[in-house]
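Enquirer: Sequence first, predicted coordinates after that:
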Amino acid sequence: MASSSVSVYLKDENLTQETKDLLSSLPSEKGWLVSQMYQFEGSWQTQALLQGLLNCQKHFEAKDSDVILVTLPKLGTTWLKTLLFALIHRHKFPVSGNHPLLTTNPHSLVPYLEGDYCASPDVSFSELPSPRLVQTHITHRSLPVSIKSSSCKIVYCCRNPKDLFVSIWHFGRKLAPEETADYPIEKPLKRFVKEVYWWTLWDHMLEYWYESRKNPNKVLFVTYEELKKQTES
């Protein structure tokens, strides 16, 4: 994703008073890409993404036919969006035809739930073709009730944390403010290991893993490494 579009999710513009009041009551830590990160329902969020999460919880209405892609940041999300979009719409857009993925960024084809909800609760996904494909980084405990209660499908992908961190490190250096852009790698690594950086890593993965064991017909749990070895399978 282009850094200009990602930076929108790192800014604190257009925060509602409700979000500001909630932020004042939450545990916070100094961030690397932003000045502060806030802990909410066990995960660490930027101010903008917290507002997006709250709006998503209140307003997103899942359909039984929906497919929800869940990842941690920098885990191959763009690749997975591409794979799932091509798979779901394989009959509508044959590979030999004029496929949208040849001309359109996958992030424009597959909405980012809490990202789209950052600025306003008035987000509509009604124009998406069925089955709707959307993506999120939200923990299972924080998913909108409609996702948990419906028969929609969840595809969750995890990755070796060491590779995940290296990807975040390189990506983050492009977005970090000047005062932290030249941090030695050891500083963000300490935050990552403490699980303050972005999300509580192990809880995020384990929540979806347990759900995949309890309800395998709803949650498909795969690894980045498995997908690289056997993408077609």
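Expert: Now that the structure is in, tell me what you want to look at.
Enquirer: which ones are touching residue 18?
Expert: Contact analysis of residue 18 by Cβ atoms under 8 Å, 6 or more residues apart in numbering lists residue 54. All C-beta atoms are positioned from the backbone trio N, CA, C, and that covers glycine.
Enquirer: Please tell me how far residue 21 sits from residue 54.
Expert: Applying Cβ to Cβ, to the nearest Å, the value for residue 21 to residue 54 is 11 Å.
Enquirer: meant to ask about residue 40, not that
Expert: Per Cβ to Cβ, residue 40 is found 9 Å from residue 54.
Enquirer: what is in contact with these two at once?
Expert: residue 22.
Enquirer: re the thing from before, so residue 21 and residue 54 - more neighbours on which side?
Expert: The neighbour comparison of residue 21 against residue 54 (other Cβ atoms under 10 Å) goes to residue 54, with 20 against 9.
Enquirer: got a list of what residue 45 touches?
Expert: So residue 45 contacts 37, 38, 39, 53 (Cβ under 8 Å, 6+ apart).
Enquirer: Among those, which ones are in helices?
Expert: Judged by DSSP state H, the contacts of residue 45 include residue 53 as members of helices.
Enquirer: Can I have the buried ones of the contacts of residue 45 as a ChimeraX selection?
Expert: Buried members of the contacts of residue 45, defined by 16 or more other Cβ atoms under 10 Å, are picked up in ChimeraX with:
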select :37,38,53
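Enquirer: pLDDT added to the contacts of residue 45, as TSV?
Expert: Below are those laid out as TSV (pLDDT from 0 to 100):
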residue	pLDDT
37	83
38	89
39	89
53	96
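Enquirer: Which parts of the chain are helices?
Expert: In the chain, the helices defined using DSSP H lie at 3-6, 17-25, 47-59, 77-88, 106-109, 113-116, 145-149, 161-175, 178-181, 186-194, 201-214, 224-229.
Enquirer: Can you pull up the most central residue in this protein?
Expert: Of all residues in the chain, the one closest to the mean position by Cα atoms, centre = their mean is residue 137, 2.5 Å from it.
Enquirer: phi, psi of that one?
Expert: Main-chain dihedrals, residue 137, degrees, to the nearest 10: phi -110, psi 10.
Enquirer: Confirm for me that it is in contact with residue 71.
Expert: Yes: proximity of residue 137 to residue 71 meets the contact threshold set by Cβ atoms under 8 Å, at 6.5 Å.
Enquirer: picking that back up, out of the contacts of residue 45, which comes closest to residue 185?
Expert: Taking Cβ to Cβ as the measure, residue 185 sits nearest to residue 37 out of the contacts of residue 45, at 18.6 Å.
Enquirer: if I look at that closest one, how far off is residue 29?
Expert: Applying Cβ to Cβ, the value for residue 37 to residue 29 is 5 Å.
Enquirer: In contact with residue 25, which residues?
Expert: The contact partners of residue 25, taken as Cβ under 8 Å, 6+ apart, number zero.
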